[in-house]
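A.B. asks: the following block contains a protein sequence and its predicted model.
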Amino acid sequence: MQTRLSTSQGFALAFALFGLAGVATAQQDKTEGNAGASFESLDTNQDGRLTRSEIPSDMSLLRTRLATYDTNHDGTLDSREYAAAQASLHGSDRTGGDDEDS
């Protein structure tokens with residue numbers, strides 16, 4: 001048995017789906033927290049380096065893996081290390097090299 005939608009039912013369905021997509025996007029933004037935060041906005045003491053305490057708690061994966069991305073082993077992330085970490089953690093390679101986490 002096939003059922004056809006009237007034009008008004010079609011519009012209602014389209015609006016409902018559009019609304020659900022907006023909710024999903026808002027939830028995704030909320031779960032990513034400060035993932036798109038700029039290096040400068042996180043570097044609260046403006047010393048050009050991010051310490052673990054400067055990385056917000058909602059960026060727990062970056063906090064946990066700080067040593068992984070700290071390529072010069074100084075205990076902090078400089079802007080280049082931060083950019084590489086963000087690219088690796090978010091599945092895109094903004095630094096121009098290979099993305100080994102994919």
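C.D. replies: That came through fine. As the structure is a computational prediction, the values presented were derived from the model and not from experiment.

A.B. asks: from A83, how far out is F39?
C.D. replies: F39 sits 7 Å away from A83, taking CB to CB, to the nearest Å as the criterion. Heads up, the C-betas are built off the backbone N, CA and C, glycines and all.

A.B. asks: er, D47 actually
C.D. replies: With CB to CB as the criterion, D47 and A83 are 17 Å apart.

A.B. asks: more neighbours: which of those two?
C.D. replies: A83 (15 against 11; other CB atoms under 10 Å).

A.B. asks: wait, doesn't G75 sit right on T51?
C.D. replies: Yes: G75 lies in contact with T51 (CB atoms under 8 Å); the separation is 7.3 Å.

A.B. asks: have a look at the two and say which one is more surrounded.
C.D. replies: Using other CB under 10 Å as the criterion, G75 and T51 rank with T51 on top: 15 against 11.

A.B. asks: contacting residues around the nearest residue to the more buried one once chain neighbours are set aside?
C.D. replies: Of all residues not flanking T51 in the chain, T76 sits nearest, at 5.4 Å (CB to CB, 6 or more residues apart in numbering). Counting by CB atoms under 8 Å, 6 or more residues apart in numbering, T76 touches R49, L50, T51, D70.

A.B. asks: not counting its neighbours along the chain, what's nearest the second one?
C.D. replies: Okay, so that is L50. Nearest to L50 is L77, by CB to CB, 6+ apart, at 4.4 Å.

A.B. asks: can you pull the phi and psi angles for L42?
C.D. replies: Phi and psi for L42, reported as degrees, to the nearest 10, are phi -80, psi -30.

A.B. asks: all set, thanks.
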